[in-house]
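# What follows is a predicted structure for the sequence shown.
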Amino acid sequence: MGQLRPVTVEIALPLADIRGLRYHAENCDKTVSRMNRIIPYVLTALTVLLAPFTAADASSTTVKLPELLRLYVLDCGAIHVADTARYELRREEVETSELSVACFLVVHPKGALIWDVGAVPDSEWQATGSTVVQHLSLPDGQTRDIPLVRSLGAQLSELGYPPPKVKYIALSHYHYDHTANANSFANSTWLVRRVERNAMFATPAPGTTRPDTYAGLKSAKTIFLETDQYDVFGDGSVVIKFAPGHTPGHQMLLLRLKNTGPVLLSGDLYHFPQERTLNRFPVFEFDREQTQRTRMDINEFLKITGASLWIQHDFVANGKLRKAPAFYD
């Protein structure tokens, strides 16, 4: 290949066009010069004008965690029990046949945990600002009328902890009235007993479940709890305690609150307080004898720790608790 040589191309233009090009070139130089002088002032002005919006966006993606552990009680409806005999109780033995459906948000300086997520998925109903009764049909043919006022997601968002900002999800057990919104927390870390997870995804699924409501957890990041007590944040303030019997991997939640004192959330160790005082058991326990042993162990645990037992389904007691946005600390 020969050596490349530069080529000069001459283009003849009329004098008027040459003058026009010179004019535009000179004016472009002047325009660029002016813009170089103006741009810093424009950028400064934009920074000032957009500052409030930038700050708002930043705060919306950042969770401000409290210095002290907090417990929020969320209203997830109520269940009317038509037949208290399912709990070995006569109607006259209980103060009310209503059961509360409580959900709990635990906020620790290191992150937030949701404990139990209701009976009706937020996606299956539309809030109206007043009570809406949901007619829930279960796979085993049972039906439930559950009055709801607000969705779980709306309550969490108002507190500043919508599902994407909740670090952990833990369910006391797999029954439908505790799992309804589990799919909303598929990006959280699931804290569960291996035996419970295996039962949840078995074929066929256990009775009194709605597997479609927790299907998203199958692929969630999961921590299997192998010890009797699992310290969630490593400082002893939030502890998940193994309490089998009602289901294979049933568990309870101990919270050591600085001002309120220690509180133990029951899961479904009991539903009505009379189960405890009269030593009665639901007819649908996975292992009744195991539940009995667990109850004895928990009674000793309560004596040792001085914790207050909050029976989650106790409609009367739950009605007296402060509801979010108020909290216990």
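Cool, got the structure.
# Which SSE is immediately downstream of the one helix or strand I79 maps to?
Using DSSP states H and E, I79 sits within strand 70-80. Going down the chain from strand 70-80, the next helix or strand is strand 98-108, by DSSP H and E.
# quick one, that next one and strand 70-80 angle?
Between the axes of strand 98-108 and strand 70-80, defined by axes from the mean of the first three to the mean of the last three CA atoms, to 10 degrees, the angle is 160 degrees.
# gap between K320 and V73?
Using CB to CB, to the nearest Å, K320 is found at 10 Å from V73. Every C-beta, even on glycine, is put in place using the N, C-alpha and C of the backbone.
# same check, this time on E95
Distance of E95 to V73, computed by CB to CB: 20 Å.
# Same check on A82?
26 Å.
# which of the two has more neighbours?
V73 (21 against 13; other CB atoms under 10 Å).
# In space, what's closest to the more buried one - neighbours in sequence excluded?
Distances taken as CB to CB, 6 or more residues apart in numbering put L321 closest to V73, at 4.9 Å, once the chain neighbours are dropped.
# what residue ranges in the stretch 51-200 of the chain score low on pLDDT?
Confidence mapping of the stretch 51-200 of the chain against pLDDT under 70 gives the ranges 51-63, 139-141.
# got the residue ranges for the helices in it?
152-159, 176-179, 194-200 (DSSP state H, counting those that start in this stretch).
# Adding mean neighbour count and distance to D268, write the ones you listed out as TSV.
Below are those laid out as TSV (neighbours: other CB atoms under 10 Å; distance: least, CB to CB, whole Å):
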stretch	mean neighbour count	distance to D268
helix 152-159	18	18
helix 176-179	25	8
helix 194-200	18	13
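# Generate JSON lines for those, with distance to G77 as supplementary columns.
Formatted as JSON lines, those follow (distance: least, CB to CB, whole Å):
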{"stretch": "helix 152-159", "distance to G77": "10"}
{"stretch": "helix 176-179", "distance to G77": "9"}
{"stretch": "helix 194-200", "distance to G77": "22"}
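# Please identify which of those is closest to R288.
Nearest to R288 among those is helix 194-200 (16.8 Å), distances taken as CB to CB.
# Which strands or helices does the very next helix or strand once past the closest one pack on?
Sequence order places strand 222-224 as the next helix or strand after helix 194-200, per DSSP H and E. Judged by 3 or more CB pairs under 8 Å, 6 or more residues apart in numbering; DSSP states H and E, strand 222-224 is in contact with strand 189-192, helix 194-200.
# partner strands of the first one, parallel or antiparallel?
For strand 189-192, the pairing partners within the sheet under DSSP bridges are strand 168-170 (parallel), strand 222-224 (parallel).
# rewinding a little: in the strand holding I79, what counts as buried?
R70, L71, Y72, V73, L74, D75, C76, G77, A78, I79 (16 or more other CB atoms under 10 Å).
# ok, so of those, who is nearest D235?
Using CB to CB, R70 comes nearest to D235 of the buried residues of strand 70-80, at 14.5 Å.
# what's in contact with stretch 271-289?
Residues outside stretch 271-289 that contact it (CB atoms under 8 Å, 6 or more residues apart in numbering) are 84-89, 93-94, 99, 206-208, 244-248, 250, 270, 291-292, 295, 311, 313-314, 316-317.
# go with 7 Å
Residues from elsewhere that reach stretch 271-289 (CB atoms under 7 Å, 6 or more residues apart in numbering): 86-89, 93-94, 99, 208, 245-248, 270, 291, 311, 313-314.
# same deal with stretch 312-319?
Here stretch 312-319 makes contact (CB under 7 Å, 6+ apart) with 78, 95-96, 98-100, 102, 265-268, 271, 273, 311.
# Make JSON lines from these and add distance to N183 to it.
Output for these, formatted as JSON lines (distance: CB to CB, whole Å):
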{"residue": "A78", "distance to N183": "23"}
{"residue": "E95", "distance to N183": "35"}
{"residue": "T96", "distance to N183": "31"}
{"residue": "E98", "distance to N183": "27"}
{"residue": "L99", "distance to N183": "23"}
{"residue": "S100", "distance to N183": "23"}
{"residue": "A102", "distance to N183": "20"}
{"residue": "L265", "distance to N183": "22"}
{"residue": "S266", "distance to N183": "25"}
{"residue": "G267", "distance to N183": "20"}
{"residue": "D268", "distance to N183": "21"}
{"residue": "H271", "distance to N183": "25"}
{"residue": "P273", "distance to N183": "32"}
{"residue": "I311", "distance to N183": "27"}
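# Show me how to select, in PyMOL, the buried members of the residues you listed.
To isolate the buried members of the contacts of stretch 312-319 in PyMOL, using 16+ other CB under 10 Å:
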select buried, resi 78+96+98+99+100+102+265+266+267+268+271+273+311
